[in-house]
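In: sequence first, then the predicted structure, then my questions.
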Amino acid sequence: MELRQQRLLRWCRVGFGLLGAFVLLRAVLRPEHRGVILDHLEFGRRLWLGEPVYAPWPAGRGGAMHPLHPPYPPSFGLLTMPFAGLAALGGTPLARAGWAILQLACAVGVARLLRRLAEPWVPNWSALRWYGLWALLLLLGGRFLLRDLHGGGGNLVNLWLCLAAFAAASSGRERLAGLWLGCSLATKPTQLWLWPLLLLFGQRRAAGWTLLCGAGAALASLALLRFDPACWVRWVQGSVALAGQADAFAEPELGFPPFTWMNQSLRCALARWLGTVPEPFAAQVELWPPEGLGLPVPHVAWLARALHGALLVGLYTVAWRARRSPSAQPVVLAAALVASVLLSPLSWKAHHTALLPALAGAVVAAHLGVRWLGWLLGVWFVACALPGRDLVGDRVDELGNSLYLVTLGDTVLLATALVAAWRLAGRSAPPQHHEPLPSAALGQRLR
């Protein structure tokens, strides 16, 4: 039996290794004109040379000229500059390979950190069971992972930075925690809602180092721009305008991305179901043109802001209750990552790699005996993970986007994580690595 398990373990390693090799090979062999990685490289090149980073840039092969990466702060270029250097030395394929290796390394890092967070609950899991968890996560979140890996996105990198920051903070390494979260916020401020968790969890020094590191990254980018604040002013103005825009279907200011059905943010979902869908957007959905309730735009905007506020109040209330519960805090972190996707005005499919911790927690809880979570994950798979464009085609995929099935799945996942964290925070002492509790007792805490 042991020999058979060793063989299965070896095949698991080979399988995941081949998957990583496929991702790397696909990145290197991708057509020169495809992928957001080209925008990344140009953004980093411009920052290094002190050029205006948002200057017009063609959107795809033969596309019209648009501002380059307007939702990203100038400090995002600090992450992409080294790969722009690789492109200058060995061409775009070398830069693509380097970026894919970074993504794969972060994927492995995320897997290791998730295991570290979950192991106190399932300390007796064998290596084969952990590989089984990774395989399940590939099924549940593979649609989003492949989108991020396929386009050369930075969402896996950002997820690793966030998880590494909280892992460092929990082990008393406040400076390292501040470095990781500061880098995350400097390159992708979508996760700004995670910063208050450090304060609520008593990690005030880590919160301070986060601000210091984030400010240092902003100052470094400003220095590369010859201390010309124009790019930073433009980004702040565009971000504030987008966040405060009442009509989700209207054209944003300063070249920020316009509405598309792929944007699965909570704001867009509410505008679709409660407001009036403009005819050009409704015509894009052939199978079932969407119609909302027809509420006026100001009313929809007010409801969206109220719901966003209620979501944050709920999140931070649970975080406050979990401030002395180490077992509940990782669940709160997973919930905050889900909330960041819902709250962001721009939530593309690749951004949903942030759901992986919540999905991993649901898989572990289902194993511990919370049976309804197993059924919930099955419904999630059918509604949110399975109907990808490559499998069901463009028309069915666009129908699913217009129904905001992924947004609904995010909302259910967030509510589940918050309820679990609330219950865990109100129970007895959490499990520790040296003092594991029986699986039945752990499952009882979550029910």
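Out: Thanks, I have it.
In: okay, now the unreliable bits of this structure?
Out: 1, 32-34, 59-63, 428-447 (pLDDT under 70).
In: tell me where it has strands.
Out: In the chain, the segments counted as strands under DSSP state E are 56-58, 65-67.
In: which one is Leu200 nearest to, not counting chain neighbours?
Out: In this structure, Leu200 finds its nearest non-sequential neighbour in Ala319, 4.4 Å apart by CB to CB, 6 or more residues apart in numbering. Placement of C-beta: from N, CA and C, glycine included.
In: sorry, back to before: Leu219 is nearest to which of the strands of the chain?
Out: Closest to Leu219 of these is strand 65-67 (CB to CB; 23.3 Å).
In: ok, how many other residues are close to the residue lying closest to Ala100 once chain neighbours are set aside?
Out: Spatially, and ignoring its direct neighbours in sequence, Ala100 is nearest to Ala27 (3.7 Å; CB to CB, 6+ apart). Residues within reach of Ala27, counting by other CB atoms under 10 Å, total 24.
In: surely Ala27 touches Gly98?
Out: No. Taking contacts as CB atoms under 8 Å, Ala27 lies outside contact range of Gly98: 9.4 Å.
In: what are the boundaries of the helices in the stretch 51-200 of the chain?
Out: 77-90, 92-118, 127-151, 155-170, 174-187, 195-200 (DSSP state H, counting those that start in this stretch).
In: now those as CSV including mean neighbour count and distance to Leu337?
Out: Formatted as CSV, those follow (neighbours: other CB atoms under 10 Å; distance: least, CB to CB, whole Å):
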stretch, mean neighbour count, distance to Leu337
helix 77-90, 19, 19
helix 92-118, 19, 11
helix 127-151, 19, 12
helix 155-170, 24, 7
helix 174-187, 24, 11
helix 195-200, 20, 10
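In: and those helices as JSON lines, adding distance to Gly400?
Out: Formatted as JSON lines, the helices of the stretch 51-200 of the chain follow (distance: least, CB to CB, whole Å):
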{"stretch": "helix 77-90", "distance to Gly400": "32"}
{"stretch": "helix 92-118", "distance to Gly400": "25"}
{"stretch": "helix 127-151", "distance to Gly400": "11"}
{"stretch": "helix 155-170", "distance to Gly400": "20"}
{"stretch": "helix 174-187", "distance to Gly400": "30"}
{"stretch": "helix 195-200", "distance to Gly400": "32"}
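In: quick one: which of the ones you listed is nearest Gln245?
Out: helix 174-187 (22.3 Å).
In: and the angle for that closest one with helix 155-170?
Out: 150 degrees (axes from the mean of the first three to the mean of the last three CA atoms, to 10 degrees).
In: give me the distance between the closest residue to Glu51 other than its chain neighbours and Ala230.
Out: The spatial neighbour of Glu51 that comes closest, neighbours along the chain excluded (CB to CB, 6+ apart), is Arg45 at 8.0 Å. From Arg45 across to Ala230, the span is 18 Å (CB to CB, to the nearest Å).
In: the more surrounded of these two?
Out: It is Arg45, of Arg45 and Ala230, that has more neighbours when counted by other CB under 10 Å, with 19 against 12.
In: just checking, the more buried one touches Pro82?
Out: No. Judged on CB under 8 Å, Arg45 makes no contact with Pro82 at a distance of 11.1 Å.
In: residues contacting the closest residue to Ala336 other than its chain neighbours?
Out: Distances taken as CB to CB, 6+ apart place Leu194 nearest to Ala336, at 5.3 Å, with adjacent residues excluded. Counting by CB atoms under 8 Å, 6 or more residues apart in numbering, Leu194 makes contact with Cys162, Ala165, Phe166, Leu181, Ser184, Leu333, Ala336, Leu337, Ser340.
In: look up how far Ala366 lies from Leu194.
Out: 26 Å.
In: please save the CA atoms from stretch 7-18 in PDB.
Out: Extracted as PDB, the C-alpha positions of stretch 7-18 are listed here (Å, rounded to 0.1, in the frame of the first residue of the first chain):
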ATOM      1  CA  ARG A   7       3.900   5.900  -7.000                       C
ATOM      2  CA  LEU A   8       0.700   8.000  -6.900                       C
ATOM      3  CA  LEU A   9       2.600  10.800  -5.300                       C
ATOM      4  CA  ARG A  10       5.300  10.600  -8.000                       C
ATOM      5  CA  TRP A  11       2.700  10.800 -10.700                       C
ATOM      6  CA  CYS A  12       1.100  13.800  -9.000                       C
ATOM      7  CA  ARG A  13       4.400  15.600  -9.000                       C
ATOM      8  CA  VAL A  14       5.000  14.700 -12.600                       C
ATOM      9  CA  GLY A  15       1.500  15.900 -13.500                       C
ATOM     10  CA  PHE A  16       1.800  19.300 -11.800                       C
ATOM     11  CA  GLY A  17       5.300  19.700 -13.300                       C
ATOM     12  CA  LEU A  18       4.000  19.000 -16.800                       C
END
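In: mind listing what's buried in it?
Out: Within stretch 7-18, the residues that count as buried by 16 or more other CB atoms under 10 Å are Cys12, Phe16.
In: contact partners of it?
Out: Under CB under 8 Å, 6+ apart, the answer for stretch 7-18 is Ala127, Leu128, Tyr131, Trp134.
In: mind listing the residues bridging to the closest residue in space to Leu68 that isn't next to it in sequence?
Out: Distances taken as CB to CB, 6+ apart place Trp57 nearest to Leu68, at 3.8 Å, with adjacent residues excluded. On the basis of DSSP bridges, Trp57 is bridged to His66.
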